[in-house]
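[1] Model the structure of this input:
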Amino acid sequence: CISEQVQTLQISLSQAESIISPCPACHNNIHSFFCSFTCSPNQANFLNVTATKSVDFDVTEQFSQGIYDSCKDTKFSASNEYAMDFIGGGAKNYSAL
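    Next up, the predicted model:
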C-alpha cells in the first residue's frame, strides 16, 4: 500500500473496530476484506467502479459465507445488537451482504 491507502484503511477499520472487536474471527475477516479492498494489487479482478463514489465488488461465495458466519452472532455491546445490523445491513444470510 501507499501511504494514502494505509490512511484510508485505518479510517475504514477504525469505524468498524468497536463493532467487530468482540469476535476475533469476525475482526480478522473484516480486516482481511478491507485490506484487500484497499491495497490489493489485484483489485481489477474483484472491483468495478460503476460511478463516482460507487463500487461493485465480486467475492466468492465461500468468502462471503466466511465473513457472514464469523460475524453473524457477534453482538455490539453498546447497543446489544448484532454486528450484522451495522456492518451487513441487517443481513440474515451471506447472500444478503
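[2] Give me the nearest residue to residue 67, chain neighbours excluded.
    residue 29 (4.8 Å; Cβ to Cβ, 6 or more residues apart in numbering). From N, CA and C alone the C-beta is placed, and that goes for glycine too.
[3] would you say the one you found is within a helix?
    Yes - the assignment for residue 29 is a helix, going by DSSP: H, G, I helix; E, B strand; the rest coil.
[4] Return the distance of it relative to residue 19.
    13 Å (Cβ to Cβ, to the nearest Å).
[5] So which of these two has more stuff around it?
    Set residue 29 next to residue 19 and count neighbours by other Cβ atoms under 10 Å: residue 19 wins out with 25 against 19.
[6] Can I take it that the more buried one is in a strand?
    No - read with three-state DSSP, residue 19 is helix and lies in no strand.
[7] Quick check, it in contact with residue 76.
    Yes - using Cβ atoms under 8 Å, residue 19 is in contact with residue 76, at 4.8 Å.
[8] Overlap of the contact sets of these two?
    Residues touching both residue 19 and residue 76 (Cβ atoms under 8 Å, 6 or more residues apart in numbering): 83, 86.
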